[in-house]
Structures are given as C-alpha cells and as structure tokens.
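Engineer: Below are the sequence and a predicted model; questions follow.
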Amino acid sequence: MIPCVETLHRTGSRPTGPIGDGVAIQATSRVESLTQELGSRLYGFVREYHPSRRERRQDWLMGQLSRDPALKTRLLRFMDVLAALDFDTDGTHVKKLFREYFGGPFPRSSPWLRLLLFAGRQRLASCRVVAGAARAALYGIASRFMVGHDAEAVFDALAYLGREGRYATFDLLGEAVLSEHEAEEFKARYLGLIDRLGGHPWSGRSTAAGAPVLQLSIKLSSLTDNFNPADPEGTLRRCRRRLEEIVQHCVGHHIGLNIDAEHFAHRELTWHIFTSIFGPGSVFGRWDGAGITVQSYFRDADVYLRDVLDFARQRRVPFQIRLTKGAYWDYEVITARQNHWPVPVFERKNNTDRAFQRLLGTLLEHPHEVSLAVASHNIRDHAYAEALRSELGLPEGTVEHQTLFRTAEAISRALRRMGWESRDYVPSGGLVPGMAYLVRRILENTSPEGFLWHLRSGVQTTTLLKPPDEVSDYAIPQRTALAGPGFCNTPPGRLFLAREREMFESALQTARDQFGQEYPLELGGQHLRTTERKASLDPSQPDPAHPVGLSHLASVAEAQQAVSIARGGFARWSATAAAERARILAAAADPLVQKRDTLAAWIVHEGGRTWGEALADVDEAADHFAYNAWRLHDCRGLLEAHYQPRGVVAVISPWNFPTALPSGMMSGALAAGNAVILKSAEATPVVAHRLVDILHRAGAPRDVLIHLPGRGPVVGAALVRSADVDM
C-alpha cells in the first residue's frame with residue numbers, strides 16, 4: 001500500500017496581496033538586508049572552519065589548476081587514463097604516461113609543483129615511486145568527493161554526517177549502462193542500497209519539512225541501455241518496471257527518491273517519466289517521498305518551472321524540488337556549438353545566479369505544492385532563500401539546504417551551525433565509473449568564475465554577497481547554406497524536443513496521405529509512363545494494397561535516351577561560369593534544409609530508417625551541396641584555369657543512405673561542370689524522385705540532372721557499358 005498524505009508539509013501564514021511568482025517579494029529592501037545579515041553570519045562560520053592538512057594540500061592543488069588551464073587539462077586526461085591502469089603493477093606504463101602528459105612547460109604553476117613534475121619525468125625516477133605517488137594523489141582526491149559502494153563505506157558516511165547533524169542523499173555512480181543486463185544489475189545495486197539504508201536508525205524519520213531523512217538520488221538513464229528522448233513512450237516502457245520496483249522499496253523503508261537532472265537532451269524525457277510514475281491516479285501518485293531536480297542555468301528554466309508547478313497543483317500531494325545551478329555547463333555549451341544549435345544554457349554565470357534567485361522566490365510562494373531544497377555552494381543563495389522564507393512568513397525548517405559531500409566542508413558545516421536543515425549529496429561507487437563525477441568536481445573547484453574559487457582566494461564578504469547583475473549573453477553564429485567565407489554543417493534535428501518530434505510526426509502523416517502516387521519517368525521534360533513499374537512498400541507495414549509509391553522504371557532504350565539528353569545538357573552546363581554553378585548548388589542546399597522533415601519522412605516510409613537516421617541523411621545531403629558550392633566558389637579561378645569536366649557522369653547509389661550518398665556524388669560532379677544521371681537504388685526510387693525534384697526546383701537544369709530509376713542488371717548495366725558515359 002502507498003501511504004496517503006493529506007496533511008501539508010508545512011504550515012504558516014502567507015502574506016496577502018499579489019506577489020507575482022517571487023518578483024515583488026524579491027525586490028523588497030528587507031529581503032536584501034536580511035540576506036546580507038544572514039550571509040555575513042554564515043561567512044563568519046565558514047571562516048572558523050579549520051581544514052585538515054590533507055584538505056589544505058588538495059585545496060592548494062585546486063588553486064594551481066585554476067591558475068594554469070594547460071596543467072588542468074593535462075591532469076584531467078592523465079587521471080582518466082590512470083584510473084584504468086590497475087594492471088600496471090611495476091608502474092612502467094604510468095611513468096611513461098606521466099612523462100608524456102606533464103612534459104610542460106607550465107609557466108603559471110608554482111615553482112614547487114613544476115619541480116615535482118620535473119623530478120617525476122626524469123629517467124632515474126623509479127617507476128614504482130612515480131606510479132605510487134600518482135595513484136595516492138588520485139585516490140586521495142577521489143576519496144574526498146566520493147565514498148565506496150559497500151555497506152561499510154555507506155554507513156561510515158552516515159556516521160560522519162550524523163556527527164555533523166546533516167542528512168544524506170545517496171547517488172550510485174556509473175549510471176551509463178550499455179546493455180539491459182547492466183541496467184538490471186544497476187537496479188539490483190539500488191535495491192541493495194535501499195535495503196542497507198532501511199536498517200539504519202534514520203530510516204522512517206522525516207525532516208522538519210516532511211521529507212524523509214534518508215534519500216536516494218537516481219538518474220533514469222541507468223535503468224535502460226536505450227534511454228531515447230526521441231521515443232518517450234518506448235523509453236517509459238523500458239524504464240517503468242525497474243523504476244517502480246525501486247520506488248516500492250523506498251516506500252517500504254520510508255526513504256525518499258529524487259530524480260536527478262541530466263543533460264538538456266534528457267530533460268523532457270525525464271519529466272515525462274516522472275509525471276507518468278508519480279502523476280495523479282498512478283500507483284505512486286499519493287506518495288510524498290518523491291522529488292525531482294530543476295536546473296536554473298537553462299534559459300527557459302522559468303517556463304519549465306511553471307509546468308512543474310502546474311503538475312504539482314494537479315497532483316495535490318507535495319514533492320521535493322531540488323533547485324541547482326546545473327552540473328553540465330561545459331557539455332551543454334560545447335554540444336550546442338558543435339551542432340550549431342542555440343545554446344540552451346546561460347553563457348554568463350551572473351544570469352544563471354539571477355535565474356536561481358528568481359526560481360527560489362517562485363518555489364517559496366508555493367509551499368503547499370512543493371518543498372524546496374536549495375542545492376548550492378554559494379552562501380548568498382542559502383542566505384537569500386532563508387531571507388525570502390522569513391519575509392513570506394514560512395516557518396523555520398521550510399527550506400532544506402544541500403551541498404555536495406566534502407566538496408566544500410566549511411560551507412556544509414556553516415549551514416548546520418546556522419541551525420538550518422542540511423543534507424549532503426553523497427556519490428557512491430568505484431573510481432572508474434565515478435571518473436566523470438570526479439572531473440566535474442575538479443572543474444567546479446577550479447573554475448575562476450565559481451564561488452568556491454573566489455572563497456579560497458580571500459574575496460571580501462561584500463563581493464561574495466553582492467546581488468548578481470544581469471549581463472548580456474553570448475550569441476552563436478547561425479549556419480547559412482550560401483557560398484561565402486566559410487562552411488558549417490546543418491544543425492541536426494532535435495528529436496529530444498517535443499515540438500520537433502510533433503513536426504516530424506506531422507510530416508510522416510502527410511507522407512502517408514500521399515501513398516500510392518505514381519512517379520513517371522522524366523526525360524527531356526517529358527513524363528513517360530513505362531511498361532514496368534515498381535511498388536515501394538513501407539517496411540514497417542508492408543501492404544501491397546497501399547504502396548508508398550509506384551515508380552515507372554526505365555529500359556535499356558530509355559537509358560540510352562537519357563545519356564543522349566545529358567550529353568546535350570553537358571555542352572551548356574560545362575560552359576556555365578563556375579560562380580554561377582556555385583550559386584545554383586548553394587540554392588539547392590537551402591530547400592533540402594527547409595524540406596528536411598518532408599524528405600526524411602519518405603526515407604522512413606520507403607527506406608525503413610529510424611527518424612534520427614532519416615533526418616541525418618537529409619542533413620548530410622544538404623551539406624554536400626553547400627560544401628561543394630563553397631569550395632567551387634572559393635577555387636573557381638584555379639578550376640577554370642587548370643581543369644575541365646569529364647562529360648556525362650553516371651551515379652549508381654546504394655539504398656542505405658538514399659539522399660546523402662547520391663548527393664555526395666551528384667554535387668561533386670555538378671560542381672565540376674558535368675552532367676549527371678542518377679540510377680537510384682531499387683529500394684528507394686520514390687525518395688530519389690523527390691530529391692531530384694527539389695534540386696530541379698532549386699535551379700538544376702533538367703537536362704543536366706536526370707533521375708533514371710530501374711533495375712540494376714538492366715539500367716545500371718547499360719550505363720556502365722555505354723561508351724557515351726564518361727565517368
């Protein structure tokens with residue numbers, strides 16, 4: 001049975017009058033004054049913390065990495081390799097890699113550190129000593145931020161936190177599973193951890209805000225090897241059984257479960273699964289131990305939070321919101337720039353901080369729908385949350401304050417000394433599966449823009465507690481298909497976004513509505529209905545009564561006629577200036593991008609490809625034309641002075657990439673001034689017909705680019721044997 005929770009997590013009066021999702025309350029001088037007062041007290045407690053000698057050495061190293069980005073990059077790469085070299089017992093490989101990675105120079109680093117690196121690179125330095133020192137340093141840093149996955153390590157962490165008066169949420173590292181067997185093993189690890197926590201004295205206890213004292217944090221991508229944002233319903237089916245089994249165990253032991261945030265591409269899917277499992281009317285729709293993470297570094301975080309609160313009002317049983325800044329900033333920015341997408345996150349930290357404060361106000365205005373956990377290492381964030389709570393008249397203990405385990409122990413202890421409810425996020429696992437987490441912690445500790453770096457640098461209290469100013473964000477250049485000073489690939493489709501999936505679903509339906517059309521053979525502007533036709537069937541639903549299309553196939557005689565027409569077109573096309581050919585090729589790239597969904601839908605239906613494969617296929621086709629247009633425009637002088645086209649080129653393409661492969665061959669041949677006859681693959685003549693039609697409409701002459709569908713032993717062989725086909 002799932003406990004039915006009718007009582008609210010918190011009580012307390014709310015101010016009357018319009019507050020407007022935190023905007024008005026945040027603007028009051030009382031809130032800022034109280035923020036400064038609480039922040040100063042909190043900072044005082046931070047300053048009183050005395051780290052151990054080992055922690056001071058690690059902080060010193062973090063400072064060195066902050067000053068020398070080259071050293072930081074080398075160190076992170078070395079750590080990643082070192083974690084997998086346990087077999088190297090004599091240290092030979094470690095010593096060799098140490099010399100390669102730390103060859104220097106590192107002019108921004110401390111002379112002492114440069115001396116250590118220099119000594120380790122010397123040939124006389126013992127391999128065992130170098131390897132031992134490197135491993136000791138790596139495992140020392142790892143043990144600061146992570147705990148082992150066995151019962152002893154988990155209970156040691158709980159004992160440590162218990163002495164400090166803090167709670168815990170445990171995360172199992174290594175969540176990227178590669179098979180369903182691994183997903184099943186990962187579920188078993190979760191269940192084992194829950195059973196162990198269920199035997200702890202804290203099991204069954206609640207915080208002042210009503211949240212379970214013990215909590216588990218889980219990434220949904222660990223529950224299936226195919227966590228596919230383009231297939232939300234299929235992914236839900238693959239995850240549901242394992243997730244519900246984990247939730248049932250948590251319910252039985254009164255242990256909370258927070259669904260962790262991951263990349264932007266996973267956000268909509270994660271929310272879909274959360275609302276399906278914990279929504280009104282579901283098995284766990286009335287369980288109050290659920291939670292989910294919201295990240296403020298997304299530009300649309302306010303819109304996303306409104307959806308979360310709408311769901312909370314419908315659910316009518318509070319769940320926890322862990323508000324974070326976001327853990328994958330580098331990944332999100334690099335991925336977006338690589339794919340020429342709009343960057344989904346703020347590129348200036350101040351804007352992320354402002355959004356964080358804005359979301360705090362919104363969440364605290366809805367205490368009956370959600371409970372708030374402030375996850376940050378910035379003391380202003382925690383002080384600001386408590387100032388807002390006080391101004392709203394909410395009782396003490398309403399806000400839970402979360403930090404990462406031993407990442408900033410001074411701040412974690414200071415929060416507890418303020419008398420605030422505090423929880424540590426405790427990652428559990430081995431070094432190799434935890435390497436990604438460890439790298440993120442080092443990046444956070446060494447970021448020159450990060451709060452921890454400013455804190456260790458002795459920045460004044462007034463600066464640390466200063467309200468974040470709004471600053472303009474960076475802009476990313478957009479792709480253009482036209483020939484110009486450079487080339488970049490077409491931005492891939494984002495099927496992880498519902499709106500783009502819905503657009504593609506609409507294109508698929510539009511294509512289905514056009515099934516059964518006939519596609520005559522076109523030669524010299526004439527449409528010929530030949531004696532032989534091919535009915536293309538949808539591989540997913542092969543129905544001869546409703547074919548994808550009926551293509552009229554060419555014979556040997558029609559192949560010879562096509563060659564003759566192309567020979568005439570070649571005379572004019574080869575004499576066309578290279579700049580004009582480049583313009584036409586560039587013009588052909590644009591409609592391929594604009595009609596991507598339409599053409600890709602036919603690839604799905606006729607070629608049997610997945611949505612993502614079909615979209616990528618059309619993207620690559622557009623890129624071929626755009627790239628060859630750019631190169632032709634850039635090199636037209638050299639081309640016209642030293643090269644000449646061959647003549648008529650036969651393009652005989654395979655079926656598996658029905659637009660990308662023929663476009664690569666056609667665009668190159670057309671750019672060089674040749675005429676092209678496309679003998680499309682027998683499996684995908686409809687796709688080829690629609691591709692060539694797009695190119696004709698963009699300006700490719702009909703006697704220069706000819707589609708000749710037919711059987712390979714007939715038409716393909718005739719083109720290969722023809723003396724009038726030059727290539």
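Structural biologist: Perfect, thanks for sending it.
Engineer: which residues of the stretch 301-450 of the chain fall in helices?
Structural biologist: Listed in chain order, the helices of the stretch 301-450 of the chain (DSSP state H, counting those that start in this stretch) span 301-315, 329-339, 349-364, 379-391, 409-417, 435-446.
Engineer: same check, this time on the stretch 151-300 of the chain
Structural biologist: 151-164, 180-198, 232-253, 264-278.
Engineer: so which of those is the most packed in?
Structural biologist: A comparison of the helices of the stretch 151-300 of the chain by mean neighbour count, using mean count of other Cβ atoms under 10 Å, puts helix 264-278 on top with a mean of 20. C-beta here means a position set from N, CA and C on the backbone, and glycine is covered the same way.
Engineer: Ok, which of the helices of the stretch 301-450 of the chain comes nearest residue 576?
Structural biologist: If you check each of the helices of the stretch 301-450 of the chain against residue 576 by Cβ to Cβ, helix 329-339 wins as the nearest, at 34.6 Å.
Engineer: coming back round to it: let me have the helices of the stretch 151-300 of the chain in CSV, extended by distance to residue 31 and mean pLDDT.
Structural biologist: Shown next, in CSV, are the helices of the stretch 151-300 of the chain (distance: least, Cβ to Cβ, whole Å; pLDDT from 0 to 100):
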stretch, distance to residue 31, mean pLDDT
helix 151-164, 29, 93
helix 180-198, 37, 94
helix 232-253, 36, 97
helix 264-278, 30, 97
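Engineer: Dump these into CSV; add distance to residue 469 as well.
Structural biologist: Below are the helices of the stretch 151-300 of the chain laid out as CSV (distance: least, Cβ to Cβ, whole Å):
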stretch, distance to residue 469
helix 151-164, 35
helix 180-198, 43
helix 232-253, 38
helix 264-278, 25
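Engineer: Tell me which of those helices lies nearest to residue 429.
Structural biologist: Closest approach to residue 429 among the helices of the stretch 151-300 of the chain (Cβ to Cβ): helix 180-198, 8.9 Å.
Engineer: Mind exporting the C-alpha coordinates of the closest one to PDB?
Structural biologist: Provided in PDB are the C-alpha atoms of helix 180-198 (Å, rounded to 0.1, in the frame of the first residue of the first chain):
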ATOM      1  CA  GLU A 180      19.700  -4.400 -20.400                       C
ATOM      2  CA  HIS A 181      21.800  -6.800 -18.300                       C
ATOM      3  CA  GLU A 182      23.800  -3.900 -16.900                       C
ATOM      4  CA  ALA A 183      20.500  -2.000 -16.300                       C
ATOM      5  CA  GLU A 184      19.200  -5.000 -14.300                       C
ATOM      6  CA  GLU A 185      22.400  -5.100 -12.300                       C
ATOM      7  CA  PHE A 186      22.200  -1.400 -11.600                       C
ATOM      8  CA  LYS A 187      18.600  -1.800 -10.400                       C
ATOM      9  CA  ALA A 188      19.900  -4.500  -8.100                       C
ATOM     10  CA  ARG A 189      22.500  -2.200  -6.700                       C
ATOM     11  CA  TYR A 190      19.800   0.400  -6.000                       C
ATOM     12  CA  LEU A 191      17.700  -2.200  -4.200                       C
ATOM     13  CA  GLY A 192      20.600  -3.400  -2.200                       C
ATOM     14  CA  LEU A 193      21.500   0.200  -1.100                       C
ATOM     15  CA  ILE A 194      17.800   0.800  -0.100                       C
ATOM     16  CA  ASP A 195      17.800  -2.400   1.900                       C
ATOM     17  CA  ARG A 196      21.000  -1.400   3.700                       C
ATOM     18  CA  LEU A 197      19.700   2.100   4.400                       C
ATOM     19  CA  GLY A 198      16.400   0.600   5.600                       C
END
